[in-house]
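Chemist: show me how the following folds:
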Amino acid sequence: MPKNGYSAIVFVHDYIPPSEYATTQRYVDYLARNCFIVFKINLRGNGDSQGQASGVYFSSVYVIDTLNAYAALQNLSLVNPAKIGL
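Modeler: Numbers count the residues shown, from 1 in each chain. Presented below is the predicted three-dimensional model:
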């Protein structure tokens, strides 16, 4: 583990029809293999997430989901809170 913790990424997907959404992607695997902690969130209503999908291009609830994921990483002891990207 790096001295100040790992860099981390909140990986937010773009619009994917909820019925076609998959939780695994090559991008996440690549980043994780290169020493990033990756938090790939399922926006509500997508994949196995609870709730209803709430918009194609923008939804305030998706912003809330993303900010909650960011806050969770800030509090994870393995993560350098100064090195979190979206």
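
Chemist: low-confidence stretches in the protein?
Modeler: 13-25, 44-57 (pLDDT under 70).

Chemist: try it again at 50.
Modeler: Along the chain, no part satisfies pLDDT under 50.

Chemist: need the longest helix for the chain.
Modeler: helix 60-74 (DSSP state H).

Chemist: tell me where the protein has helices.
Modeler: Under DSSP H, the chain gives helices at 26-33, 60-74.

Chemist: I'd like to know which of those lies nearest to Lys3.
Modeler: helix 60-74 (17.9 Å; CB to CB). Where you see a C-beta, it was placed from the backbone N, CA and C, and this is true even at glycine.

Chemist: and that closest one, what's buried?
Modeler: Tyr62, Asp65, Thr66, Ala69, Tyr70, Leu73 (16 or more other CB atoms under 10 Å).

Chemist: and the gap between the first one and Ile41?
Modeler: Using CB to CB, to the nearest Å, one obtains 9 Å as the distance from Tyr62 to Ile41.

Chemist: shared neighbours of these two, which are they?
Modeler: When contacts are counted by CB atoms under 8 Å, 6 or more residues apart in numbering, the set common to Tyr62 and Ile41 consists of Val12.

Chemist: biggest separation within the buried residues of helix 60-74, which pair?
Modeler: Maximum distance among these (CB to CB): 17.0 Å, for Tyr62 and Leu73.
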